[in-house]
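Chemist: give me a 3D structure for the following:
(one chain, ligands or ions: 2)
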Amino acid sequence: MFLMGRSEAGKTSLTQVLKGEELHYKKTQYTNIADDMIDSPGEYAESKYFSLGLACFSFEADVVAIVQAADEPYNLFGQCLHTFIQRPLIGVITKTDSSYANVPMIRQWMEDAGCERIFEVNNVTGEGAEELIDYLNEDMEPLTLQQAMFKQSLGLNEWDPLPEGVVYP
Ligand SMILES: Nc1nc2c(ncn2[C@@H]2O[C@H](COP(=O)(O)OP(=O)(O)O)[C@@H](O)[C@H]2O)c(=O)[nH]1
Ligand SMILES: [Mg+2]
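Modeler: Ligands and ions are numbered 1, 2, ... in the order given. Below you'll find the predicted structure:
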């Protein structure tokens, strides 16, 4: 899973929660790819030049996650972000325990970006992490090249289900 989001959104903490570690603050200085999770510095998402790099890292991942804290005052991500990321895009809302949390607003931003699933995770208590772990453990249906090309011809992503009544040729 590739994580992107502004500094302080809770990306590094989320990697610790998903690994079952104690929370410990660690400044992310570079994009760490030597792991199941690709954690990127928030500065990358905050600059229009760096953000191109994020699109490249997305190709190294099975899933791309936007991480936004529930108390973020404005949105860094544009609408329909999923159209240039050739991977499933999900949203993870952290800091749901914040007294400034506005979860419905963050959900709206994530829906606008095109997130197909949205998870709420409190990194301090670990609440909500289980649901995300279950999602990450779901196996994708293996496809042949012909099946993938057939889906593409229908305008579908490889991971989208076939429409009702449609079968592979
Ligand atoms: N209250 C609360 N604090 C959090 C949560 N997630 C992260 N933090 C805190 O927010 C700060 C930034 O977290 P970090 O994971 O380094 O963010 P990153 O810059 O996106 O990697 C740290 O002090 C974390 O302890 C959360 O769900 N709730
Ligand atoms: Mg970090």
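
Chemist: now the strands for the chain?
Modeler: With strands called from DSSP state E, the chain shows them at 2-4, 38-39, 64-69, 89-94, 117-120.

Chemist: what's the closest of the ones you listed to ligand 1?
Modeler: Minimum separation from ligand 1 across the strands of the chain (C-beta to the nearest ligand atom) falls at strand 89-94, 4.2 Å. All C-beta atoms are positioned from the backbone trio N, CA, C, and that covers glycine.

Chemist: gap between the closest one and the chain center?
Modeler: 5 Å (C-alpha atoms, centre = their mean, to the nearest Å).

Chemist: can you check stretch 125-140 too?
Modeler: On C-alpha atoms, centre = their mean, the centre of stretch 125-140 falls 12 Å from that of its chain.

Chemist: in that stretch, what counts as buried?
Modeler: By neighbour count on 16 or more other C-beta atoms under 10 Å, the buried set for stretch 125-140 is 128-129, 132.

Chemist: in helices, which of these appear?
Modeler: 129, 132 (DSSP state H).

Chemist: sorry, back to before: out of the strands of the chain, which is closest to Leu23?
Modeler: strand 89-94 (11.4 Å; C-beta to C-beta).

Chemist: what are the contacting residues of that closest one?
Modeler: 3, 9-10, 13-14, 63-70, 81-82, 103, 106-107, 110, 113-123, 132, 135 (C-beta atoms under 8 Å, 6 or more residues apart in numbering).

Chemist: tell me the mean pLDDT for it?
Modeler: Confidence over strand 89-94 (mean pLDDT, whole number) is 97.

Chemist: equivalent analysis for stretch 7-18, please.
Modeler: 93.

Chemist: repeat for stretch 155-169
Modeler: 93.

Chemist: what's in contact with that stretch?
Modeler: Contacts for stretch 155-169 (C-beta under 8 Å, 6+ apart): 86, 88, 140-141, 143, 146-148, 150-152, 154.
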